[in-house]
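In: Can you look at this prediction? I've put the sequence above it.
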Amino acid sequence: MATKKRRQFTAEFKDRVAIEAVKGQKTIQEIASHYQVHPNMVTIWKRQALAELPKVFSSLSAREACRTNRILSSG
């Protein structure tokens, strides 16, 4: 019997699904049905996206702090 190959999803696809789940305008089931993925995958991608958000903003703050320090030290 032939084995079924697992589907692989791009980061962009996962982002799109996760953002839609975070918005909360549709249920997880509706999103899963629309994108033809299992609801568990939607939940996992949503959880991963929410876990990474603090890192995104903290790295932006670090860059802003470096830029501010450069401006202050050059003046």
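Out: Here it is on my side, so go on.

In: helix, strand or coil for the nearest residue to Phe9 once chain neighbours are set aside?
Out: Nearest non-adjacent residue to Phe9, counting by C-beta to C-beta, 6 or more residues apart in numbering: Val37, 7.6 Å away. No exception for glycine: its C-beta is placed from N, CA and C like everyone else's. Val37 falls in the coil class when you classify it by DSSP: H, G, I helix; E, B strand; the rest coil.

In: Now do Val37, the pLDDT please.
Out: Turning to Val37, the model gives it a pLDDT of 98.

In: That one and Glu30, how far apart?
Out: 12 Å (C-beta to C-beta, to the nearest Å).

In: Of these two, give the one with the bigger neighbour count.
Out: Val37 (17 against 14; other C-beta atoms under 10 Å).

In: returning to that earlier point: let me know whether the residue nearest to Phe9 touches Ala18 as I believe.
Out: No. At 11.2 Å, Val37 does not count as touching Ala18 under the criterion of C-beta atoms under 8 Å.

In: for the strand or helix carrying Glu52, packing partners?
Out: Per DSSP states H and E: Glu52 is located in helix 39-74. Counting contacts by 3 or more C-beta pairs under 8 Å, 6 or more residues apart in numbering; DSSP states H and E, helix 39-74 packs against helix 11-23, helix 28-35.
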